[in-house]
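> Just the structure for this:
(one chain, ligands or ions: 1)
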Amino acid sequence: MNEKYEPCPVYRKCGGCQLQNMDYERQLQWKQARCEKLLHRFGKIEPILGMEIPYHYRNKVQAAFAWDPGRRKILSGVYQSSTHRIVPVDSCQTEDKKADEVIVSVRKLLGDFKLRPYDEDTGRGFLRHVLIKRGFQTGELMVVLVTGTPVFTAKRNFVGALLKLHPEITTVIQNINEKRTSMVLGDREKVLYGPGFIRDILCGCTFRVSSRSFYQINPLQTEVLYRKAMEYAELTGEERVVDAYCGVGTIGVVAAKSGAKSVLGVELSRDAVRDAIRNARENGVKNAYFTCSDAGEYLAAMAQEGEKCEVVFLDPPRAGASEDFLLSLCAMAPQRAVYISCNPETLARDLKLLKANHYEVKAIQPVDMFPHTNHIECVASLRRK
Ligand code: SAH
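Sure, this is the predicted structure:
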């Protein structure tokens, strides 16, 4: 970070990076101050763990496609915040460079193949979005072409031409989204090339990533986060562990490899649970089980039946954990809880409830997962009094 700091030329229009007006050191100070303000009353806030090179960290990149206003040129980029106007972006400081290059190539090929971008006003046209996912450790690269119609006549030649430009692509998927919606992905998919998923490695474990399941977008910092979570869990080989809001089972699988006696993962998305079961198997983990359920309902049922565990990991979405979930956790009385949070506001709310129910906060570690944005990730270590 010796070079002079240059903010991104489109940061105001794009809206994706709210902290571009600060250099990285100041961004980290800003995040630290926010954590101190919201969370200091619960326990010690460790100094935030930032990235050494806070650029091109995103392994998942998405671009929307549309005509320019004169309908002469195809644009790709991001929607200007709270509008449906596209801000053209060919390269982004936070995104994987290779992913950005592939998106530019797709745009060029659209012209060569006389394919049209989707038109939001008429609901006509072909390509709506391109989604790229890349395994940073494996190099595997997934391209998802989100189309407004199922018809893709030139698909073999199109995919062939794309692969010729980027032989590093390992799978291509057509996702069909015919709805008038701002959701990027539709429900139907066709695999056009390769296995239809990629693999990546985190903390020495291999994970299968599909187009729709949640996977952390900054793998380098995810390792930092998970290592801290494992340190806080103090697994000795004796602990029954619950991994709540487990996604594709990454924390559970790493915990099983780090000395958990058994792991039970709970997750709402059926696709993610399927991936989690497979991920456990592919990593030779035999003591992990995954169930598709609302985490609050499931924990309430466990508490009701008097089931016990020694460690709970919870990693809820931005809204935080439900009160049901937290009260059931307290009823099950694990000795340790490790709360991973992507929203310090809901973390503060939930820590308050846990603190009122026999838990003390030993430490809170902020980890910068999203440089240049205002998003803050923390892991909190809780112990039963
Ligand atoms: N621990 C995982 C995923 C965290 S993201 C990881 O580190 O990769 C949060 C996950 O919670 C998502 O996979 C989402 O599908 C799931 N989720 C959201 N609401 C839920 C609920 N009520 N019960 C269980 N899982 C839920």
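> list the contacts for residue 235?
Contact analysis of residue 235 by Cβ atoms under 8 Å, 6 or more residues apart in numbering lists 241, 255, 258, 259, 260, 311. Where you see a C-beta, it was placed from the backbone N, CA and C, and this is true even at glycine.
> whoops, residue 276 was the one
Applying Cβ under 8 Å, 6+ apart, the residues near residue 276 are 246, 247, 248, 249, 252, 253, 265, 267, 290.
> So which of the contacts of residue 235 sit within helices?
Of the contacts of residue 235, the ones assigned to helices by DSSP state H are residue 255.
> filter the contacts of residue 235 to the buried ones?
With burial judged by 16 or more other Cβ atoms under 10 Å, the buried subset of these is 241, 255, 258, 260, 311.
> How much space separates the nearest residue to the first one once chain neighbours are set aside from residue 236?
In space, and not counting its chain neighbours, residue 241 is closest to residue 260: 4.2 Å by Cβ to Cβ, 6 or more residues apart in numbering. Using Cβ to Cβ, to the nearest Å, one gets 9 Å for the distance from residue 260 to residue 236.
> Dump the contacts of residue 235 to JSON lines, plus pLDDT and distance to residue 46.
Shown next, in JSON lines, are these (pLDDT from 0 to 100; distance: Cβ to Cβ, whole Å):
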{"residue": "241", "pLDDT": "98", "distance to residue 46": "23"}
{"residue": "255", "pLDDT": "98", "distance to residue 46": "21"}
{"residue": "258", "pLDDT": "96", "distance to residue 46": "20"}
{"residue": "259", "pLDDT": "95", "distance to residue 46": "23"}
{"residue": "260", "pLDDT": "98", "distance to residue 46": "24"}
{"residue": "311", "pLDDT": "98", "distance to residue 46": "20"}
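> Inside strands: which ones of the contacts of residue 235?
Secondary structure defined by DSSP state E assigns 241, 311 of the contacts of residue 235 to strands.
> Nearest to the ligand among the contacts of residue 235?
Closest to the ligand out of these is residue 255 (10.9 Å), distances taken as Cβ to the nearest ligand atom.
> ok, which residues in the stretch 151-300 of the chain are in contact with the ligand?
Residues of the stretch 151-300 of the chain found near the ligand, taking Cβ under 6 Å from any ligand atom as the criterion, are 214, 216, 245-247, 250-251, 266-269, 272, 294-295.
> So which residues of the stretch 201-350 of the chain form helices?
With DSSP state H, counting those that start in this stretch applied, the stretch 201-350 of the chain shows helices at 219-233, 250-257, 270-282, 295-304, 323-332, 344-355, listed in chain order.
> Outline the domain layout of this protein.
When the chain is parsed with automatic domain parsing, its domains come out as 24-53+218-384, 60-196.
> Buried deepest among those domains, which one?
domain 24-53+218-384 (a mean of 20; mean count of other Cβ atoms under 10 Å).
> Select, from the residues of the stretch 151-300 of the chain next to the ligand, the two members most distant in space.
Of all pairs drawn from those, the greatest distance, 21.8 Å, lies between 216 and 294 (Cβ to Cβ).
> Give me the phi and psi for the residue of the chain most remote from its centre.
Here the centre of the chain is the reference, and by Cα atoms, centre = their mean the most remote residue is residue 70, at 35.9 Å. Main-chain torsions, residue 70, degrees, to the nearest 10: phi -80, psi 0.
> Could you do the one 3 residues further on as well?
Note on residue 73: backbone dihedrals following degrees, to the nearest 10 are phi -120, psi 150.
> Look up which residues are beta-bridged to the closest residue in space to it that isn't next to it in sequence.
Computed as Cβ to Cβ, 6+ apart, the closest residue to residue 73 that is not its neighbour in sequence is residue 67, at 7.4 Å. Beta-bridge partners recorded for residue 67 (DSSP bridges): residue 74.
> Contact partners for residue 67?
73, 74, 75, 116, 117, 119 are the contacts of residue 67 under Cβ under 8 Å, 6+ apart.
> Format those as JSON lines; extra columns: pLDDT and distance to residue 198.
Listed next are the contacts of residue 67 as JSON lines, based on pLDDT from 0 to 100; distance: Cβ to Cβ, whole Å:
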{"residue": "73", "pLDDT": "94", "distance to residue 198": "31"}
{"residue": "74", "pLDDT": "96", "distance to residue 198": "27"}
{"residue": "75", "pLDDT": "96", "distance to residue 198": "27"}
{"residue": "116", "pLDDT": "95", "distance to residue 198": "28"}
{"residue": "117", "pLDDT": "96", "distance to residue 198": "26"}
{"residue": "119", "pLDDT": "91", "distance to residue 198": "31"}
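> nearest to the ligand, of the residues you listed?
In terms of Cβ to the nearest ligand atom, no member of those lies closer to the ligand than residue 117, at 30.1 Å.
> Per-residue pLDDT of the residue lying closest to residue 180 once chain neighbours are set aside, please?
Leaving out its chain neighbours, the residue that sits closest to residue 180 by Cβ to Cβ, 6+ apart is residue 123, at 6.0 Å. The per-residue pLDDT reported for residue 123 equals 89.
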